[in-house]
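no FASTA, just this:
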């Protein structure tokens, strides 16, 4: 991976003053009504941090906590924006995604129904029959121990998009 595509396993905070512009917040809110945001596809830390910084509260705080937990939990973590959400992976594939929606943040594990124990409770619409995850409405909904365990489990199997 190039320098711009690689990411350190250190937790990082999105750059900026933490205040999304009114225009980006309004655009995101319109895109968060049941579909992922209109964020453009991009590989690397900076687009992900910009996406997270654009989220309104409380979604921003939840997404920052998930990103920091992923960085602490998984060595060689890499990040990308795909399909309007943040995707996280290790190695050559993507393992889980995180996206802000009105009222919550979705954290979805690719092939979670097959690979995770216990199986996360939420089956998302339009993300594949085997994808499972959680919807977090506040930071108090974030069970760091369970989420970190799922992150470790899911990253031990080949992810979506793994090169053959």
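Perfect, thanks for sending it. Every value quoted in this text rests on a predicted model; they were computed, and no experiment measured them. Numbering: from 1, shown residues only.

for the record, mean pLDDT for the longest helix anywhere in the chain?
Across the chain, the longest stretch assigned as helix under DSSP state H is helix 59-73. Average pLDDT, helix 59-73: 98.

Which positions within it qualify as buried?
When neighbours are counted by 16 or more other C-beta atoms under 10 Å, the buried residues of helix 59-73 are found to be 59-67, 69-71, 73. To be clear about C-beta, it is placed using only N, CA and C from the backbone, and glycine gets the same treatment.

Let me know the closest of these to residue 111.
Taking C-beta to C-beta as the measure, residue 111 lies nearest residue 70 of the buried residues of helix 59-73, at 17.1 Å.

For that closest one, list the residues it contacts.
Applying C-beta atoms under 8 Å, 6 or more residues apart in numbering to residue 70 gives the contacts 77, 88, 96, 151.

which residues of this structure fall in strands?
Taking DSSP state E, the strands of the chain run over residues 42-43, 78-82, 85-90, 93-101, 104-109, 132-136.

May I ask which two of the contacts of residue 70 are separated the most?
Between any two of these, the greatest separation by C-beta to C-beta is 10.7 Å, found for 77 and 96.

Can you work out which residues contact both of these two?
Taking C-beta under 8 Å, 6+ apart as the contact rule, residue 77 and residue 96 both touch 70, 88.

of those two, who's got more company?
Higher neighbour count among residue 77 and residue 96: residue 96, with 28 against 23, using other C-beta atoms under 10 Å.

wait, isn't the more buried one in contact with residue 108?
Yes. At 6.2 Å, residue 96 and residue 108 qualify as touching, with contact defined as C-beta atoms under 8 Å.

hmm, back to that, let me know the closest of the buried residues of helix 59-73 to residue 136.
Using C-beta to C-beta, residue 62 is the member of the buried residues of helix 59-73 that sits closest to residue 136, with 5.1 Å.

Test my guess that the closest one contacts residue 142.
Yes. In terms of C-beta under 8 Å, residue 62 counts as a neighbour of residue 142; the distance is 6.6 Å.

Please enumerate the shared neighbours of the two.
residue 136.

in the chain, what spans have low per-residue confidence?
Residues of the chain meeting the criterion pLDDT under 70: 1-37, 161-164.
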